[in-house]
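> Have a look at this prediction, sequence included:
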Amino acid sequence: MPHLGRKRIPRKVVMRTSTKSIVHAAQDGGYAVGAFNIFDGLTLRAVVHAAGEKRSPAIVQVSARTAKALGPRFLARMFEELAAGSDVPLSLHLDHCPDLELTRAVIDAGWSSVLFDASHLELAEAAEQTARVVSWAHPNGVDVESEIENIVGVEDGVGSDALAHSYADEELVRVARETGVDLLAPHLGTAHGQYKLPPVLLPQRVSHLRRLTDLPIVLHGGTGLKPEEFRSFISAGVSKINVSTAVKHAYLDAMEESLGSAREAGRREPLPILGEVERRVVDTVASFLELFGSAGRAGGER
């Protein structure tokens, strides 16, 4: 695991587009931008390629576990190299991080945005720590997504299967204003991972929150929802939708099938297998970009 330390190194990587500008453009345009969790160079490249093919903005998301495993600066440079060769709006976002030290390391590495997950804390402490993250992030041009209510489900070792904290809409908006965050992730009835039972979705909560604030609303737990359910959330005002499990399944399913075919044929060449896996991930991401209405919207950031 990379040493995170406390020594601050000046930012050397500058992201091409801010997450806030991408999501505000989606909010203004009545569509949602997909935020896709990656876990290696192949999945990162697949998201960038899918966005280019569909002429769509996209957000590359990285879990705290992946950020620790690969290192914030390595990921930033890998993203910047791929984004520099693309002409669609792309940003790099840290997903669900309750760790202040890792959040600070990612800010110092020059990522576009962070989700500081304070949903495990009581309200006063959650607000205090979120405000601290904002005080680090904004001077460095980094946007902050806020989560003080937990999204049910465990993803990459972060989260809970029980709804630990839930607040009135007015309280969520008050804390968001006082802490100065840029995006808001409320509990909307979705969950991380695969659904075991049909979820009780809350698009009406999005509509109410949008009447209270201009902050973009984020939908977590996008895998497994039906097209009409996505459309109801987007119509209500959701402008960022997170997708993780579907990317993992596309990767692993394609890997399993490709390895099986290679073994049957007696082939021992990794690159063709990886190429097939990447194509599957590209197709999966592209299908969500179409579904969210962002295809053909490249260049609409403000």
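Done, it's in. Please read these numbers as outputs of a predicted model, since none were measured by experiment. Residues are numbered from 1 along each chain as shown.
> which element follows the helix or strand bottoming out on mean pLDDT in the chain toward the C-terminus?
Of all regular secondary-structure elements in the chain, judged by mean pLDDT, DSSP states H and E, the least confident is strand 158-160 with a mean of 48. Downstream of strand 158-160, the next assigned helix or strand under DSSP states H and E is helix 169-179.
> what comes up buried for that following helix?
Residues of helix 169-179 classed as buried: L172, V173, V175, A176, T179 (neighbour count, 16 or more other C-beta atoms under 10 Å). C-beta here means a position set from N, CA and C on the backbone, and glycine is covered the same way.
> same question, stretch 222-242
In stretch 222-242, counting by 16+ other C-beta under 10 Å, buried: 222-225, 229-234, 236-242.
> cool, and stretch 93-108?
93-99, 102-108.
> Quick check: which ranges of this structure have low pLDDT?
1-16, 152-165, 192-197, 299-302 (pLDDT under 70).
> That one: helices as residue ranges?
Here the chain has its helices, by DSSP state H, at 19-29, 41-53, 64-70, 72-84, 100-108, 123-137, 169-179, 203-212, 227-236, 245-265, 270-291.
> I'd like these laid out as CSV, including distance to L188.
As requested, those are exported to CSV (distance: least, C-beta to C-beta, whole Å):
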stretch, distance to L188
helix 19-29, 16
helix 41-53, 23
helix 64-70, 22
helix 72-84, 28
helix 100-108, 23
helix 123-137, 18
helix 169-179, 11
helix 203-212, 6
helix 227-236, 7
helix 245-265, 17
helix 270-291, 17
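> Can you say which of those helices is nearest to H187?
helix 203-212 (8.2 Å; C-beta to C-beta).
> and that closest one with helix 169-179, angle?
Angle, helix 203-212 to helix 169-179, by axes from the mean of the first three to the mean of the last three C-alpha atoms, to 10 degrees: 50 degrees.
> heads up, I number from 55, so please use that
Fine by me, first position is 55 from now on; the one you just mentioned is helix 257-266.
> And the contacts of helix 257-266?
223-224, 226-227, 238, 240, 242, 271, 286-287, 289-292 (C-beta atoms under 8 Å, 6 or more residues apart in numbering).
> which of the buried residues of stretch 147-162 sit farthest apart?
Every pair of those checked by C-beta to C-beta; the farthest is H150 and D162, at 19.1 Å.
> V336 contacts H103, correct?
Yes: assessed by C-beta atoms under 8 Å, V336 is found in contact with H103 at 5.2 Å.
> Who has more neighbours out of these two?
Using other C-beta atoms under 10 Å, the more surrounded residue of V336 and H103 is V336, with 22 against 18.
> OK, contacts around that one?
Here V336 is in contact with A100, H103, A104, E107 (C-beta under 8 Å, 6+ apart).
> how near is it to A100?
5 Å (C-beta to C-beta, to the nearest Å).
> A300 now?
In terms of C-beta to C-beta, A300 sits 12 Å off from A100.
> wouldn't L98 be in contact with V114 here?
Yes: counting by C-beta under 8 Å, L98 touches V114, with 6.1 Å between them.
> and for the two, which residues touch both?
Both L98 and V114 are in contact with I92, F133, where contact means C-beta under 8 Å, 6+ apart.
> Contacts only, for L242.
By C-beta under 8 Å, 6+ apart, the neighbours of L242 are L255, L256, P257, R259, V260, L273, H274, F287, V292.
> repeat that with 6 Å
Under the criterion of C-beta atoms under 6 Å, 6 or more residues apart in numbering, the contact list for L242 reads L256, L273.
> Equivalent analysis for V335, please.
T97, A100, A304, Y305.
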